[in-house]
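Asker: Structure for the following, please:
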Amino acid sequence: MASNVLMLEKSIAERYHWSALEAFNQPVLQTMLQLHDEVHRNARRVFDYMNRKGWYQPRAADAATVQWFQNAVRQSQQEVGTVMHNLPPVGQPAREPVFAGVGAGIGAAPGGGWAGPVYQRF
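Answerer: Okay, the predicted model is just below:
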């Protein structure tokens, strides 16, 4: 039961996350962010409860996985920074596709498992 609640909270948080990213209207954006934060807090409470009971104990990452993840995050931050730098000022149309050449993929951490988005050039 608690596992189902956690999965539901995570799913709802993801939907609020994407809604906030695409919200044009400032009051709608603020509402989506508030709802996301509330759902995220609820999910964390469920996770902590399950962890205390021994029902959900994720494996700790080894040093190689932590290093790999840190490098992947730095690379992603650099690529996002490059894209953001090339965006036109607010209110001006883009002269060319700003996301051309950057695609999101799913990264596999050393030793297997999902590690999150990894951006690759193609």
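
Asker: Going by C-alpha atoms from here, please, whenever you check contacts or count neighbours.
Answerer: Noted.

Asker: tell me which residues in stretch 62-79 are buried?
Answerer: The neighbour-count check on stretch 62-79 (16 or more other CA atoms under 10 Å) flags Thr65, Phe69, Ala72, Val73, Ser76, Glu79 as buried.

Asker: ugh, typo on my part, it should be stretch 27-45
Answerer: Buried, per 16+ other CA under 10 Å, within stretch 27-45: Leu29, Met32, Leu33, Leu35, His36, Val39, His40, Asn42, Ala43.

Asker: How about residues contacting it?
Answerer: Stretch 27-45 is contacted by residues 5-6, 9-10, 12-14, 16-17, 19-21, 23 when judged by CA atoms under 8 Å, 6 or more residues apart in numbering.

Asker: please redo it, this time with the cut-off set to 10 Å
Answerer: 5-23, 26, 46-51 (CA atoms under 10 Å, 6 or more residues apart in numbering).

Asker: now the buried residues of stretch 27-45 in CSV, with distance to Met1?
Answerer: Listed next are those as CSV, based on distance: CA to CA, whole Å:
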residue, distance to Met1
Leu29, 32
Met32, 27
Leu33, 27
Leu35, 23
His36, 22
Val39, 17
His40, 18
Asn42, 15
Ala43, 13
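
Asker: State the next helix or strand along the chain beyond the helix ranked longest in the chain.
Answerer: Across the chain, the helix with the greatest residue count (assigned by DSSP state H) is helix 26-53. Going down the chain from helix 26-53, the next helix or strand is helix 63-85, by DSSP states H and E.

Asker: Show me what that following helix is packed against.
Answerer: strand 102-108, strand 114-121 (3 or more CA pairs under 10 Å, 6 or more residues apart in numbering; DSSP states H and E).

Asker: Need phi/psi at Asn25.
Answerer: Here is the backbone geometry of Asn25 (degrees, to the nearest 10): phi -80, psi 130.
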